[in-house]
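1. Fold the following.
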Amino acid sequence: MFFSIKSKDKNSKARTGVLQTDHGVIKTPIFMPVGTAGTVKAIHQRELINDIKAQIILGNTYHLYLRPGLEVIEKAGGLHKFIGWDRPILTDSGGYQVYSLADTRKIKEEGVTFKSHIDGSTHVFTPENIMDIQRTIGADIIMAFDECTPYPCDFKYAADSLELTHRWLKRCCDRFDSTNDKYGHKQFLFPIVQGSCFKDLRQKSAEVISSFNREGNAIGGLSVGEPAEFMYEMTETVCAILPVDKPRYLMGVGTPANLLECIALGIDMFDCVMPTRNARNGMLFTTQGVVNIRNEKWKDDFSPIDPELRGYVNENYNKAYLRHLIHSSEILGAQIATLQNLSFYLWLMEQARAKIEEGTFLEWKNKMVVKLMERI
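-> Purely as a prediction, here's the structure:
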């Protein structure tokens with residue numbers, strides 16, 4: 001893989017780039033739809049490619065490890081073949097899921113012992129076996145095993161956790177570098193910056209992460225309940241230290257406004273469950289703002305769901321019909337709403353790339369953030 005910067009915005013830290021993998025080229029800034037268990041919920045792979053224009057998707061190590069399990073994935077020839085997806089895949093390390101299982105896990109130097117949410121069985125994740133698991137899943141980009149701290153947490157907890165994450169990173173790198181790529185394509189390891197909302201810890205972590213000189217770097221432990229201002233401050237702090245010639249991935253973020261603000265700070269890659277999860281609840285992200293399609297006002301509105309966004313959804317469905325489907329708990333409602341939200345997110349990334357190349361990103365971003373936060 002190589003990452004090359006193609007253009008920079010003259011009034012911000014935003015940039016466009018190209019990230020090359022054996023499964024294809026990724027144009028950045030980019031949003032990665034989340035395919036937790038080997039599927040982006042409510043969406044066919046052909047829609048991801050043809051309608052949403054997804055360049056890369058994310059898989060979840062914790063969930064895939066538990067079900068269908070590594071034996072099935074390996075027999076299939078890796079996750080790409082198992083799910084019928086021939087474009088790049090990134091897998092997270094399971095660190096966030098371990099964080100979310102606070103009542104059923106124990107963190108020690110060796111790793112994390114946790115109980116499955118499926119059947120209560122006990123499992124252990126270590127930096128070493130997480131590398132092996134992700135190798136077997138077959139992702140193009142593999143994440144280091146880390147501890148995601150809760151928000152809020154005190155300084156000592158965050159500092160101790162940070163040191164543990166750094167020690168785990170050394171073990172991840174040692175294991176990764178001593179094992180081979182699987183399934184005939186190159187795999188790459190990204191470390192993760194932690195440090196909660198403490199600026200000096202974030203600076204320290206960014207420096208340590210950078211010293212490992214991997215192909216790309218990630219920022220974790222944000223979008224866990226902290227105010228957006230803290231997220232932006234920590235992101236700006238870290239981006240000032242991470243190498244400019246390598247992709248920067250902000251994990252688990254976020255709203256359309258979050259994405260645009262963080263692109264302006266120098267972030268290249270994003271993922272978040274928000275567009276898919278909110279779609280299933282009837283919340284739509286559109287070029288005009290946020291729409292709660294459950295509201296009575298859409299009952300007899302037969303206009304396209306998002307008139308400014310061209311594509312399959314707006315050529316075939318209207319607001320009143322989608323409202324009916326959502327209220328009726330019809331599966332098609334979740335499908336249409338998800339297609340709308342992901343299409344919008346990828347459209348937004350395409351627009352951001354174009355504006356950066358034109359040199360007008362900052363002015364466009366400032367107007368779009370206001371519009372996209374409005375509830376229609």
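2. Okay, now the unreliable bits of this structure?
-> Along the chain, the parts satisfying pLDDT under 70 run over 1.
3. count of neighbours near the closest residue to Val124 other than its chain neighbours?
-> Spatially, and ignoring its direct neighbours in sequence, Val124 is nearest to Thr113 (5.2 Å; CB to CB, 6 or more residues apart in numbering). The way it works is simple: take the backbone N, C-alpha and C, and place the C-beta from them, glycine included. Neighbour count of Thr113, defined by other CB atoms under 10 Å: 16.
4. looking at this, Thr113 is in a helix?
-> No: using DSSP: H, G, I helix; E, B strand; the rest coil, the secondary structure at Thr113 is strand, not a helix.
5. Straight-line length of stretch 80-91, end to end?
-> End-to-end distance for stretch 80-91, by CA to CA, to the nearest Å: 12 Å.
6. Hmm, I typed the wrong one, I wanted stretch 6-13.
-> Using CA to CA, one end of stretch 6-13 lies 13 Å from the other.
7. Only the buried residues of it, if you could.
-> Residues of stretch 6-13 classed as buried by neighbour count (16 or more other CB atoms under 10 Å): 8-9, 12-13.
8. Contact partners for the closest residue to Lys6 other than its chain neighbours?
-> Nearest residue to Lys6 in three dimensions, chain neighbours excluded: Thr16, at 4.7 Å (CB to CB, 6+ apart). With contacts defined as CB atoms under 8 Å, 6 or more residues apart in numbering, the neighbours of Thr16 are 5-8, 27-29, 353, 356-357.
9. what two of the residues you listed are the furthest from one another?
-> Largest separation among the contacts of Thr16 by CB to CB: Lys8 and Lys27, giving 14.9 Å.
10. what pairs with the residue positioned nearest the centre of the chain across the strands?
-> Closest to where the C-alpha atoms of the chain average out (CA atoms, centre = their mean) is Asp271, at 1.7 Å. On the basis of DSSP bridges, Asp271 is bridged to Met32.
11. Which residues are in contact with it?
-> If a contact means CB under 8 Å, 6+ apart, then Asp271 has 31-34, 58, 90, 251-253 as its contacts.
12. roughly how far apart are it and Ala228?
-> 17 Å (CB to CB, to the nearest Å).
13. what number of residues lie near Phe212?
-> 16.
14. For the longest helix anywhere in the chain, buried residues please.
-> Ranked by residue count and defined by DSSP state H, the top helix of the chain is helix 331-358. Using 16+ other CB under 10 Å as the burial criterion, the residues of helix 331-358 that qualify are 333-349, 351-353, 355-356.
15. about what we covered before: so which of the buried residues of stretch 6-13 sit within helices?
-> Within those, no residue falls in helices by DSSP H.
16. Any chance of a markdown table for these, columns distance to Ser329?
-> Below are the buried residues of stretch 6-13 laid out as a markdown table (distance: CB to CB, whole Å):
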| residue | distance to Ser329 |
| --- | --- |
| Lys8 | 47 |
| Asp9 | 44 |
| Ser12 | 43 |
| Lys13 | 44 |
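17. Okay, and the beta partners of the residue nearest to Lys6?
-> Ser7.
18. can you give me the strands for the stretch 51-200 of the chain?
-> Using DSSP state E, counting those that start in this stretch, the strands of the stretch 51-200 of the chain run over residues 57-60, 89-92, 105-107, 112-115, 122-125, 141-143, 188-190, 192-193.
19. The third one packs against which elements?
-> Counting contacts by 3 or more CB pairs under 8 Å, 6 or more residues apart in numbering; DSSP states H and E, strand 105-107 is packed against strand 112-115.
20. tell me what the strand it packs on is packed against?
-> For strand 112-115, the elements it packs on are strand 105-107, strand 122-125, judged by 3+ CB pairs under 8 Å, 6+ apart.
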